[in-house]
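**Q** this one's structure only:
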């Protein structure tokens, strides 16, 4: 199979990410990887729930006093929208519109960066209040759960940027289509995890 | 590129192995590295038994004894048993399903190097201020209090090698799902492939909790976290849960491939179809599923309450049902078979009573009230050595003899093989059977010595004598391997003469591209079917000879691993040395940078052309 064969919108297959054996393997392997990632985050969530509001005696920090929903709501909207824009990117990939895909991915990256900026601001704010990583079991478990998600955002952004730069001149091929597809899967996964963080950490922390 | 038969110098061979992505060579690497760690772990076991051979012994100090038992357990589970099994999975499974290679050859190499350097990192602790000393379970309140860097080596080393295992698990799953030869339906897959499949699924879901637990330990010890420190609101039981949510499936990750190996052996040397194939598959999947439901039976005495203990006790006992099905199926496979008692078969026959004994004591401990009596005693030590040595290690030794001709085109000496078996088998029972009684007499596990007036002298001496017999068995095996390699007599095709499954249909020595034409699988034991029908060509093929696409070798997996290896030193000395954080960043930069290089570079592999294939009469 010639991986760099050029396609036109007419000859481009319906599921370009799963035409080659390599693509099929990547597709399945990545889904399985996300299964493992789910267990990874489940462990972090369980630990957070066990250690929520637990600290040295006399600790004044609690979820009610610490979290502010408006900021987190904006972050949630940014990330949810970025998930939508990455769907548009995949839509253009299926239609063999390379420029359209790159544009929507660029918008995805910008939204992701905005989310990341707000998260850094949020963490910085907590640290200034004295809620540092080592302040309590609560702070350790909070920063580890949300920070692991943040690290995933960083990796996802790096991945998508690298893909866009690498293929900017190459255009579509059956070699890079599975790579784009798995990157967008990863981005969706990050979004799904955030929905759980928003619910379990922030909403249940302030309202529950 | 039609053949790699040319004699190569040492440097070229070394470079070949450092960059290889061929599953057969990676299998050899896994086997070699795993065996090295097996010998290290074995020496540690001998030191333990020398120390305990007589009362009030001062052969090693109490502190050193703790380090030895910790490293013995950790090395044997993570660095010996699992990698050696991975070696056999790599060597055999792709051939069993008629695949060109595994799904991700590059990741296969990466998984190996991560395991190896994680293991090296862990063992460097001996030379860099002391080994971990909180037991292989490393319970958090104990491990947080451990001075020095021992536990740090444990957490970081296992993190690296665990990543390798995780990658390997995903790789095997995708290989089995996507790359089976035409006709190889799920219910025609050989049992070793099935058990590899289920064990890989267990790896996929069991290793992330360990990763998280180890990260918590790393953060608590090196980066100021407070997960386990109760004065800061932490909870030490979280470690126990995370460790055992991983740790219990881990024992099935070890034992299921062992079951697979024995299933192959029983059918092969009884010259009979495996009895109850579909129930074997069902039992394998059920054991894998139940394996996740029982972790708290390691924690009966923690105080989770009678309801939790009762649920986990019942779930644990339920596992005996599918395991029992397997035992009866093996017995019925032998029944009426035309049995050849070769060395692998001898191990398989010895496995059944040994493993059943270990299973029965397991059921005893599943009864939570009784477990309060047995907990942390030598009864537990006896139990898990009966299942791990009596199951996994016997399977590994059997597989070394069984698959040696497939991997190296040579046959290990059968007479020496049988000597190995008898020394090892008798030594094993001698060592561990008596430990049940030591446990019932009250001897706690992990004690570095005992008093002369406690009445444990004789039994401990017998146990130590048995360990010496096992060591003799292993030494005979090493001699056997040396003799075989030096003689280097090629064995030819179908070396055991009664091969049933696809891996025995391939010409010897195995070509680097595996089957020249993808075979057509016409049933369970497909090679046996062809032989029964008098097929002289070996197999029915699914395609004409055509170009074969192969992946390129790559040095990047090695570089990625080195990056993490360097980063681990940075993490280890965080807060203690000025260079710690720069080294951590440098290491991670090497790893991430090589990942980027891998992504950016075009790597399409190469093709072996049809004409070259036609001229190539097997051979390496």
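**A** Noted; the coordinates are in hand. Bear in mind that the values here come from a model prediction, so they are computed numbers and not experimental data.
**Q** what is the neighbour count of residue 140?
**A** Let's take chain A. Residue neighbour count, defined by other C-beta atoms under 10 Å in any protein chain shown, stands at 31 for residue A:140. C-beta coordinates here come from the backbone N, C-alpha and C atoms, glycine included.
**Q** the intended chain is chain B.
**A** Residue B:140 has 28 nearby residues by other C-beta under 10 Å.
**Q** quick one, phi/psi of it?
**A** phi -60, psi -40 (degrees, to the nearest 10).
**Q** which regions of chain B sit below the pLDDT cut-off?
**A** Scanning chain B for pLDDT under 70 picks out the ranges B:1-7, B:616-620.
**Q** contact partners for the residue nearest the centre of it?
**A** The residue lying closest to the centre of chain B (C-alpha atoms, centre = their mean) is residue B:82, at 1.7 Å. Residues near residue B:82 by C-beta atoms under 8 Å, 6 or more residues apart in numbering or on different chains: B:34, B:165, B:253-254.
**Q** excluding covalently adjacent residues, which one is nearest to residue B:523?
**A** If the residues on either side of it in the chain are set aside, residue B:523 comes closest to residue B:529, at 5.2 Å by C-beta to C-beta, 6 or more residues apart in numbering or on different chains.
**Q** same question for the strand or helix carrying that neighbour: list its buried residues.
**A** Using DSSP states H and E, residue B:529 maps to helix B:526-532. Residues B:526-531 are the ones in helix B:526-532 that count as buried (16 or more other C-beta atoms under 10 Å in any protein chain shown).
**Q** outside of that helix, which residues touch it?
**A** B:183-184, B:188, B:494, B:499-502, B:504-505, B:519, B:522-523, B:538-540.
**Q** give me the buried entries from these.
**A** B:183-184, B:188, B:494, B:499-502, B:504-505, B:519, B:522, B:538-540.
**Q** for those residues, which one is nearest chain A?
**A** residue B:184 (15.4 Å; C-beta to the nearest C-beta).
**Q** so who does the closest one touch?
**A** Here residue B:184 is in contact with B:97-98, B:502, B:521, B:526 (C-beta under 8 Å, 6+ apart).
**Q** narrow these to those in helices?
**A** residue B:526 (DSSP state H).
**Q** next, format the contacts of residue B:184 as JSON lines and append distance to residue B:109.
**A** Shown next, in JSON lines, are the contacts of residue B:184 (distance: C-beta to C-beta, whole Å):
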{"residue": "B:97", "distance to residue B:109": "20"}
{"residue": "B:98", "distance to residue B:109": "22"}
{"residue": "B:502", "distance to residue B:109": "24"}
{"residue": "B:521", "distance to residue B:109": "28"}
{"residue": "B:526", "distance to residue B:109": "30"}
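**Q** correct me, but residue B:391 touches residue B:260?
**A** No: contact criterion C-beta atoms under 8 Å: residue B:391 and residue B:260 do not qualify, at 11.7 Å.
**Q** of the buried residues of helix B:526-532, closest to chain A?
**A** residue B:526 (21.9 Å).
**Q** and residue B:330, helix, strand or coil?
**A** At residue B:330 the chain is in helix, as set by DSSP: H, G, I helix; E, B strand; the rest coil.
**Q** tell me the contacts of it?
**A** B:262-263, B:266, B:275, B:348, B:352.
**Q** returning to that earlier point: just the closest of the contacts of residue B:184 to residue B:176, please.
**A** Set against residue B:176, the nearest of the contacts of residue B:184 by C-beta to C-beta is residue B:97 (6.5 Å).
**Q** now the strand or helix carrying residue B:11, how far from the centre of its chain.
**A** Assigned by DSSP H and E, residue B:11 belongs to helix B:10-19. With C-alpha atoms, centre = their mean, to the nearest Å as the basis, helix B:10-19 stands 25 Å off its chain's centre.
**Q** what of stretch B:559-571?
**A** Distance, centroid of stretch B:559-571 to centroid of chain: 24 Å (C-alpha atoms, centre = their mean).
**Q** tell me, how many residues neighbour residue 200?
**A** Picking chain A for this. For residue A:200, using other C-beta under 10 Å, the count is 16.
**Q** looking at chain B here, not the other one
**A** 28.
**Q** one more: residue A:120?
**A** Neighbour count for residue A:120, taken as other C-beta under 10 Å: 11.
**Q** what do you get for the one 5 residues further on?
**A** Around residue A:125 there are 13 other residues, counting by other C-beta under 10 Å.
**Q** which residues touch it?
**A** Applying C-beta under 8 Å, 6+ apart, we find residue A:125 in contact with no residue.
**Q** likewise the one 4 residues further on?
**A** For residue A:129, the contacting residues are A:61, A:66, by C-beta under 8 Å, 6+ apart.
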